[in-house]
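Student: got a predicted model here, sequence first, then my questions.
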Amino acid sequence: MSDLISKVARHKGDEIIAHCPIDDWDFAPRYTDGVCPICGWRPEGIDVTLPFAARIDWFWPAVGFLALVSVAMAIAVIVTYIKA
Ligand SMILES: [Zn+2]
């Protein structure tokens, strides 16, 4: 099995590069949902699951954090204004 994986994939630094035997094309499966972008061939035994931090959508957590910082800053400004 590991022989098969080393035949279709090699590591370039941290990146997994797969080689499509059908159209002789190198590609990084993590950016193409694990399939060849030309013919849709799926290399066997390559795990393309993204790390947790890359899988979740950070938009609403970022909005929440921004709102929290805004409220904290508003309170700080009001407290400083009242005490001055
Ligand atoms: Zn292909």
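Tutor: Good, I have the coordinates.

Student: summarise which helices and strands the helix ranked longest in the chain is packed against.
Tutor: Counting residues, the longest helix in the chain under DSSP state H turns out to be helix 59-83. Based on contacts counted as 3 or more CB pairs under 8 Å, 6 or more residues apart in numbering; DSSP states H and E, there is no element that helix 59-83 packs against. For every residue, glycine as well, the C-beta is placed using N, CA and C.

Student: near the ion, which residues of this structure? Just list them.
Tutor: Taking CB under 5 Å from the ion, the part of the chain that reaches the ion is made up of 20, 22-23, 36, 38-39, 41.

Student: buried residues, the longest helix of the chain. List them.
Tutor: Across helix 59-83, burial judged by 16 or more other CB atoms under 10 Å covers no residue at all.

Student: let me see the mean pLDDT of that helix.
Tutor: Helix 59-83 shows a mean pLDDT of 97.

Student: given the helix or strand containing Asp26, what are its sheet partners and their directions?
Tutor: Under the criterion of DSSP states H and E, Asp26 resides in strand 25-27. When sheet partners are counted by DSSP bridges, strand 25-27 sits next to strand 15-20 (antiparallel).

Student: coming back round to it: ok, residues contacting the longest helix of the chain?
Tutor: Residues from elsewhere that reach helix 59-83 (CB atoms under 8 Å, 6 or more residues apart in numbering): none.

Student: what's the domain layout of this structure?
Tutor: 1-49, 51-84 (automatic domain parsing).

Student: end-to-end on stretch 31-49?
Tutor: Start-to-end span of stretch 31-49 (CA to CA, to the nearest Å) is 11 Å.
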